[in-house]
Structure formats: C-alpha cells, structure tokens
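Engineer: coords please:
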Amino acid sequence: MLIIGIAGGTGSGKSTVAKALETELGAANVVLISQDSYYVDKSYLPFAERARQNYDHPDSFEDQLLLNHLNLLRKGQPVAVPVYDYTQHVRSKQTVAVSPKPVVVVEGILILTDPELRKAFDIKAYVDTDADTRVLRRIVRDIQERGRSLESVCEQYLNTVKPMHEAFVEPSKRYADIIIPEGGHNTVALSLLVSRIERYLHSINGNCG
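Structural biologist: Numbers count the residues shown, from 1 in each chain. A predicted model of the protein is given here:
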C-alpha cells in the first residue's frame, strides 16, 4: 500500500489534486480521506461557542485517530471514517466505511505538522497556491457549501485562518517531498506524481488498473 499525504492552505486545491489522482489511477486503486473528517468533536459546546473555535490549529484535529486508521488500512483492515457537519460544527453520528486499496490519498491543511503522521506517508506533497486565490475560493466554498455568511467567513479568515496558515501550514511545506504550485492546474507536477504511483501499481500487480 502507498499512502500519500497532500497538504496546503485552505482553498489551495488539495481536494482537486486528490480527485485528479483518483481519476487518473482509477477508483478501484485509490481511496480518498480528508483530514477534515477528523476534527475533534465539540458537540458538548453550545453552537455559538462552537462557531468561535479555532479550526485551523493542529489541536483541532484528532490526528491519533487518523493515524490509527491509516495503520489499520495498511494492515488490510477496513475503517469507519467520521463524518463532520460543517454547518453545525459537530461530528455526525454517521461514519463512512473505507476499505483498503493499493493507494490511500490523505488531504488536509495540517497533515504535515504532526511528526508521527508524517511518518505514515510514503509520499508527502504540498499544494502551493497564491493567498488571494485561496481566500476567494474559501469565501465561495463556505458560503455556497457550508451555509456561512460573508461576514463570518471574513472574520474567521482574519482571526484564525490567516495567522494559523502563517504559523503552522506554510512552515510545514519544508517536509514535503514534492511541491505542486497552483494545485490541479499544474498538469506537469500531477503527471510526475501519477507516473510515480503507476510504477508502484505496476510493481504490485503488473498493471495500473
């Protein structure tokens, strides 16, 4: 099994890169996992207080649970990945059953900040995208998909997202094996990454699916 970690700032295009890998290599070969699924459950807090939490600090994620799941997948065992409700800022009671596949792609803003989690990745990538592009993408996403207001998105970006990016996300770039400028739009970098994974798939089954 090949486990690939894709880090980068909010709105950088991590998910686009992950989905491009799944498309190029085939869904039979690739399983996608988002670090966002592993936000620490704070359902015990009132909604207003949950909305004010810093969701861009490393402590916001249950990295140990993610690491345990990756270890189980590597051993050939299925896992129950949590489902996070962005509109309510809570972990859902539902889970998603994920079975092992030859390639596991994990994407998230802070997956390269945890030393133990970094060791779990065979390939570490960082999607490096201009800050203006990232914030515009986040505004559109949070309003359209997560039920946020423009005011709340901007307030969150200035108070936590931007400072946490500068303190934790950007510095984690130094741990990456490959840096992908502009994410899914960088076809050259994507092709190189796909070729590396295809060589691995060939080595284990003689074809790439």
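
Engineer: contact partners of the longest strand belonging to the chain?
Structural biologist: Ranked by number of residues, the top strand in the chain under DSSP state E is strand 90-98. Contacts to strand 90-98, defined as Cβ atoms under 8 Å, 6 or more residues apart in numbering, come from residues 31, 33, 37, 39, 41-43, 50, 69, 73, 78-85. (C-beta placed from N, C-alpha, C; glycine too.)

Engineer: Next, the buried residues of it.
Structural biologist: Judged by neighbour count (16 or more other Cβ atoms under 10 Å), strand 90-98 contains these buried residues: 90-91, 98.

Engineer: Do you have the strands of this structure handy? List them.
Structural biologist: Ranges of strands in the chain, per DSSP E, are 2-8, 30-34, 79-85, 90-98, 103-107, 123-128, 178-181.

Engineer: before we move on, back to that, dump the longest strand of the chain to PDB, restricted to CA.
Structural biologist: Taking C-alpha atoms only, strand 90-98 is exported to PDB below (Å, rounded to 0.1, in the frame of the first residue of the first chain):
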ATOM      1  CA  VAL A  90     -20.000  18.900  15.100                       C
ATOM      2  CA  ARG A  91     -19.000  15.300  14.200                       C
ATOM      3  CA  SER A  92     -22.000  13.500  12.800                       C
ATOM      4  CA  LYS A  93     -23.200  10.300  14.300                       C
ATOM      5  CA  GLN A  94     -22.700   8.700  10.900                       C
ATOM      6  CA  THR A  95     -19.400   7.200   9.600                       C
ATOM      7  CA  VAL A  96     -18.200   6.100   6.200                       C
ATOM      8  CA  ALA A  97     -16.900   2.600   5.700                       C
ATOM      9  CA  VAL A  98     -13.500   2.700   4.000                       C
END
